[in-house]
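K.L.:
below is the sequence, then the predicted model.
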Amino acid sequence: EPLFNQDYHLEQVSAWPHSSLRLGQVSGLALDSDSNLVIFHRGDRYWGPGSFNGQAEYQERSLGPIQQSALLVVDEAKGNILRASGRNMFYMPHGITIDQKNNYWVTDVALHQVMKLSGDGTDRVLLTLGEAFTPGSDKQHFCQPTDVAVDPHTGNVFVSDGYCNARILKFSADGKYLSEWGAGSSDRRRRVPFQIPHSLAFLPDKQEVCVADRENGRIQCFIAETGEFVKEIKKEEFGGEVFAISYSPAGDGLIFAVNGNSLYHTAPLRGFVINYSTKDILDTFSPETKEFKMPHDIESSDGSVFVGDAGSSSVFKFTNEKLHRSV
Ligand SMILES: O=C(N[C@@H](O)C(=O)O)c1ccccc1
């Protein structure tokens, strides 16, 4: 085991949330401009083996959109629901990020779309990218897009596309296609395409965008301006799949990640705190109350880390005990 940095030791806040949030599969987490946690979940809908056909076309349109509130705003201290919205809009929620103006950017893998929504609870659709229910891989079509990241300096929007494509696309703040790129490699001979680019994190202090390249069990980072490959973080400890990442500029920069199980690798499901510069794993963590089943997104906010689990339909909160321990 690598020497863990004495600065980081995350432990679950077992009494969080104070009361049940009655969640469906949790697919995405984001922090809003008031540092509240926004949970993107599937209500009574779930992604099973029959949800999509071989062409990635959604098979359950007849169910209509999810009627429950797919967007919950909860306060990060207690986990109380402050606002519920997102009814009758989504078929298969996936990723969410919130920009500097508190707009929500979400992806829906059944709609194959990215939507920009007003963050005031009215869910006004301000912009849509992709054609509803129509998978594709050109400039106007995605195939099960997984996440969005926004560059706070330029407003540019990055989309990880997706389960059935292997690319990152870049759009201007008003939705104009700018560019796209595939996986990078630190060694040309080993140029391996993305295998489900599943989660994105923007690094504002480095002007980079990082990708959880899920089935390749690696994180790759690129220069936001050019898409140029910067670095890869791949660890035995990940055990084959990296599901999601989040970033904090604290120190040299910290990447938070959660792993997953593939058919070929099984590893303990857990979260990781990684030093961006050295690539060292500073800490690993998992809940005490119950096991992770499918940790699906991770969000970090000064000293706290939240993990949304699509397998157990729950959200876990962790805090850095090193910060809180009286010395
Ligand atoms: O990965 C899958 N799902 C999760 O990521 C998710 O639920 O977003 C999945 C893939 C194939 C069939 C069924 C589920």
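P.N.:
All right, it came through fine.
K.L.:
rest of the way, CA atoms for contacts and neighbours
P.N.:
Noted.
K.L.:
residue 159: neighbour count?
P.N.:
28 (other C-alpha atoms under 10 Å).
K.L.:
let me know the pLDDT of the residue of the stretch 201-327 of the chain found nearest the ligand.
P.N.:
At 6.0 Å from the ligand, residue 310 is the closest residue in the stretch 201-327 of the chain, using C-alpha to the nearest ligand atom. pLDDT for residue 310: 98.
K.L.:
helices of the stretch 101-250 of the chain, start to end?
P.N.:
Under the criterion DSSP state H, counting those that start in this stretch, the stretch 101-250 of the chain carries no helices.
K.L.:
where does pLDDT dip in it?
P.N.:
By pLDDT under 70, the weakly predicted segments of the stretch 101-250 of the chain are 188-189.
K.L.:
how about the residues of it near the ligand?
P.N.:
Applying the criterion C-alpha under 6 Å from any ligand atom, no portion of the stretch 101-250 of the chain neighbours the ligand.
K.L.:
quick one: the strands in the stretch 101-250 of the chain?
P.N.:
104-108, 113-117, 125-129, 145-150, 157-161, 167-171, 177-181, 197-203, 208-213, 218-223, 229-233, 241-248 (DSSP state E, counting those that start in this stretch).
K.L.:
same list (the ones you listed) but as CSV, adding distance to residue 87.
P.N.:
Shown next, in CSV, are the strands of the stretch 101-250 of the chain (distance: least, C-alpha to C-alpha, whole Å):
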stretch, distance to residue 87
strand 104-108, 14
strand 113-117, 13
strand 125-129, 13
strand 145-150, 20
strand 157-161, 23
strand 167-171, 27
strand 177-181, 29
strand 197-203, 24
strand 208-213, 29
strand 218-223, 33
strand 229-233, 38
strand 241-248, 25
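K.L.:
how far does stretch 62-78 sit from the chain's center?
P.N.:
Stretch 62-78 has its C-alpha centroid displaced from the chain centroid by 16 Å (C-alpha atoms, centre = their mean, to the nearest Å).
K.L.:
pull out the buried residues from that stretch.
P.N.:
66-76 (16 or more other C-alpha atoms under 10 Å).
K.L.:
put the alpha carbons of it into CSV.
P.N.:
Provided in CSV are the C-alpha atoms of stretch 62-78 (Å, rounded to 0.1, in the frame of the first residue of the first chain):
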residue,chain,number,x,y,z
SER,A,62,-44.0,3.8,-24.1
LEU,A,63,-43.4,4.3,-20.3
GLY,A,64,-43.2,8.1,-21.0
PRO,A,65,-40.9,10.4,-19.1
ILE,A,66,-40.1,9.8,-15.4
GLN,A,67,-42.9,11.3,-13.4
GLN,A,68,-40.9,11.7,-10.1
SER,A,69,-38.7,14.7,-9.5
ALA,A,70,-35.4,13.7,-11.1
LEU,A,71,-33.6,16.7,-9.8
LEU,A,72,-33.4,17.2,-6.0
VAL,A,73,-31.6,20.1,-4.3
VAL,A,74,-30.5,19.1,-0.8
ASP,A,75,-28.5,21.0,1.8
GLU,A,76,-25.0,19.5,2.2
ALA,A,77,-25.1,19.7,6.0
LYS,A,78,-28.2,17.6,6.7
